[in-house]
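> Coordinates for the following, if possible.
(chains A, B, C and D)
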Number of protein chains: 2
Amino acid sequence: MKVTMKQIAKESGVSIATVSHVINGTKRISEEKHQKIMEIIKKYNYVPNFSAKNLRQQSTKTAGLIVPSFPDSYVTGYINGIQDRARELDYNLLFVNTNEDTEYEKKTVNLLHSKMVDGIILSPTSMDARYLDRLIEEDFPVVLISRYDPRLKNTPWVTPEDFQAGYDATTHLIQHGHEKIGLIYAVPNVTPTIHRIDGYKRALEQHNIPFNENYLELGYATVDGGASAARALLNRQPDITALFILSDLMTIGVISACKELTLRIPEDIALIGFGDFASAKIIDPPVTNINLPPDTIGKTAFDVLINKINNPSYNKHIQLPTSLIIRKSCGC
Amino acid sequence: MKVTMKQIAKESGVSIATVSHVINGTKRISEEKHQKIMEIIKKYNYVPNFSAKNLRQQSTKTAGLIVPSFPDSYVTGYINGIQDRARELDYNLLFVNTNEDTEYEKKTVNLLHSKMVDGIILSPTSMDARYLDRLIEEDFPVVLISRYDPRLKNTPWVTPEDFQAGYDATTHLIQHGHEKIGLIYAVPNVTPTIHRIDGYKRALEQHNIPFNENYLELGYATVDGGASAARALLNRQPDITALFILSDLMTIGVISACKELTLRIPEDIALIGFGDFASAKIIDPPVTNINLPPDTIGKTAFDVLINKINNPSYNKHIQLPTSLIIRKSCGC
DNA sequence: ATGAAAGCGCTAACAT
DNA sequence: ATGTTAGCGCTTTCAT
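Sure, this is the predicted structure:
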């Protein structure tokens, strides 16, 4: 059986309240008793029961983190950033991957809300996250990462500059002389996809290149998903000379597919990926990617959560700049 | 303020116990009251307070997961497997990355032990995990994943067949005619490293190739760490014709370094990595890897934890077979 | 400086 | 079938 404060108190010959004060430093206790109590605590390796503490204090020093997919270098990256920051601030992290399952997401949010955590960082599976309104009205701290629902009032979020990134990648391809630019995305109806496509459209428009709906292709956010999407798209639109891919695992699949189809990169088809990944520079050819700084995004999101916990009206919307990491696949 | 059972009871005109029974299905309650209570619950979107429930039941339906590093395709992979299984079994996961920091690991284990979780899955940073003895004696469920301390009594673990994998990779290289085989590892004094190196030695021995300590190199488990290690090793032992690398991020770094050094793979230097990663097949050349089935390892570890929770004397040691995924970097 | 005791929200044994 | 109540381990107010 685990040791409780009661037993520590008994063995130390003091009251349970005194033990509590020694542990939490909430009141001055005589040096003598302090020593004695600490000794017994050490002897039994006593650690306070968190459930009891939480129940009493209505706070858990743990944060929930709900991501829609995993692994993927971008998601993995911001998880890492969040974890680092949480650790620095002495918070724990309850981690859930919803696998793009909206119902499971709702269930999980409810569960974490039921006082298991002090707040949550969430990347919702769907554009419609209004089910959160109820919690937000109660001032339960929620911060959105990467994806957000603009209809949600009083809810901070942190994302990359998706519009700009889509614009930059497309412009770069256009500057290489491409006009028929395919785009492969993974999750429809979420802000990153929408904004990146908006950036893509804007770049085309500025160069008087007509937008063609058929150049867009939806794929699963996996290696195989990317490969299938590339095959389908290139089969339907053989005139495409460049591809812009919105997730790193798909980028890998697209490159595989191109190799199978004996399409040379970048000669036959130029390529820019989204989310820089470790092996990008040793792939043949090295792949040009948009880097969304995942680590910074994660750290920032956690800081925002802490602000939100301390101040329920905190409501910053933060967009972090991306950068185009130019290698060879774009034709440079 | 959050709604509690008390208020639900009051508003439904029943006792708090009846509400509890309706929620948990622990007793037959008349259809009429059942309906009424459910209605009120839905109206307030009531969810039981977990801390209270946990405190009462001494169980939390959440498991701790402590990994030593992140990201890395192998660790990421087993996290994913664990997460999937946990979800199937309706468990939550408290996730912590220790970043190979032993003190932080101890602190985290203590924290999770204090009744926040029903058990933990741990990949220890150090070979010496005897500090766990205390918890194990209390029958706190601990299962080790990937790495283990053989001195720990009554502690199940699940790992890949590291010895066999090291043996297989080395044998394959030997069959390609290599005798001067370098080995780059990341974490000394943990079972996977030790066993893989043992497998390597064994293969050499069987082919009457002398073991040379200088062919071993320690590097950080990152892309840059792999690159530096490769430069150092190849500089010291230019006679090396093949390399066996024990972690995927390092493998990527090693390939970069070889490219910088204008060493052709596999002609000048053959290569086998450990831990198959998504982009391995589109790297130039495609890289031959040992696949440790991370997903299976994760799922199995979670199942083992559940068994351990249900039966404190459960103590299986499970080794899962690996496979050599042959591509081009080995010279095939 | 220290202690007694109430109470956080829930479950479950017991009573009706 | 339903209700009463003790108590999980802790913090914290109020007495002393």
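> Next one: residue A:209 from chain B, what distance?
29 Å (C-beta to the nearest C-beta, to the nearest Å). Just so you know, the C-beta spots here come from the backbone N, C-alpha and C atoms, and that holds for glycine as well.
> Just want the phi and psi numbers for residue A:4.
Per-residue torsions, residue A:4: phi -120, psi 170 (degrees, to the nearest 10).
> what about the stretch 151-300 of chain A, any weak spots by pLDDT?
The model of the stretch 151-300 of chain A has no residue with pLDDT under 70.
> As a check, name the ranges of all strands in it.
With strands called from DSSP state E, counting those that start in this stretch, the stretch 151-300 of chain A shows them at A:157-160, A:181-185, A:216-218, A:242-245, A:270-274, A:288-291.
> Starting from the third one, tell me which strands it pairs with and how they run.
The partner list of strand A:216-218 in its sheet, established with DSSP bridges, is strand A:181-185 (parallel).
> Outside of the partner strand itself, which residues are in contact with it?
A:170, A:173-174, A:193, A:196-197, A:200, A:204, A:215-219, A:226, A:229-230, A:233-234, A:237, A:240-247, A:250, A:254 (C-beta atoms under 8 Å, 6 or more residues apart in numbering or on different chains).
> Alpha carbons only: can I get that strand in PDB?
What follows is strand A:181-185, C-alpha atoms only, in PDB (Å, rounded to 0.1, in the frame of the first residue of the first chain):
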ATOM      1  CA  ILE A 181       1.000  23.600 -61.200                       C
ATOM      2  CA  GLY A 182      -0.600  20.700 -59.500                       C
ATOM      3  CA  LEU A 183      -1.400  20.800 -55.800                       C
ATOM      4  CA  ILE A 184      -1.900  17.800 -53.500                       C
ATOM      5  CA  TYR A 185      -3.500  18.300 -50.200                       C
END
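> And the contacts of strand A:181-185, which of them are buried?
A:170, A:173-174, A:193, A:196-197, A:200, A:204, A:215-217, A:219, A:226, A:229-230, A:233-234, A:240-247, A:250, A:254 (16 or more other C-beta atoms under 10 Å in any protein chain shown).
> Mark which of the residues you listed are part of helices, please.
In this view, the buried ones among the contacts of strand A:181-185 that belong to helices under DSSP state H are A:170, A:173-174, A:193, A:196-197, A:200, A:204, A:226, A:229-230, A:233-234, A:250, A:254.
> what's the neighbour count on residue A:324?
Number of residues near residue A:324 (other C-beta atoms under 10 Å in any protein chain shown) recorded here: 17.
> residues in contact with the closest residue in space to it that isn't next to it in sequence?
Nearest residue to residue A:324, sequence neighbours excluded (C-beta to C-beta, 6 or more residues apart in numbering or on different chains): residue A:168, at 5.4 Å. Taking C-beta under 8 Å, 6+ apart, we find residue A:168 in contact with A:199, A:290, A:322, A:324.
> What residues does the stretch 1-150 of chain A have near DNA strand C?
Residues of the stretch 1-150 of chain A lying close to DNA strand C by C-beta under 7 Å from any atom of the strand are A:13-18, A:21, A:27-30, A:32-33, A:52, A:55-56, A:58.
> what's the spacing between the closest residue to residue A:234 other than its chain neighbours and residue A:119?
Leaving aside its chain neighbours, residue A:234 sits nearest to residue A:240 (6.3 Å; criterion: C-beta to C-beta, 6+ apart). Distance, residue A:240 to residue A:119, by C-beta to C-beta, to the nearest Å: 44 Å.
> Next, the distance between the ends of stretch A:201-216.
Its start and end residues considered, stretch A:201-216 measures 11 Å (C-alpha to C-alpha, to the nearest Å).
> Mind listing residues that contact it?
Contacts for stretch A:201-216 (C-beta under 8 Å, 6+ apart): A:163, A:166-167, A:170-171, A:174, A:179-183, A:185, A:197, A:233, A:236-237, A:240.
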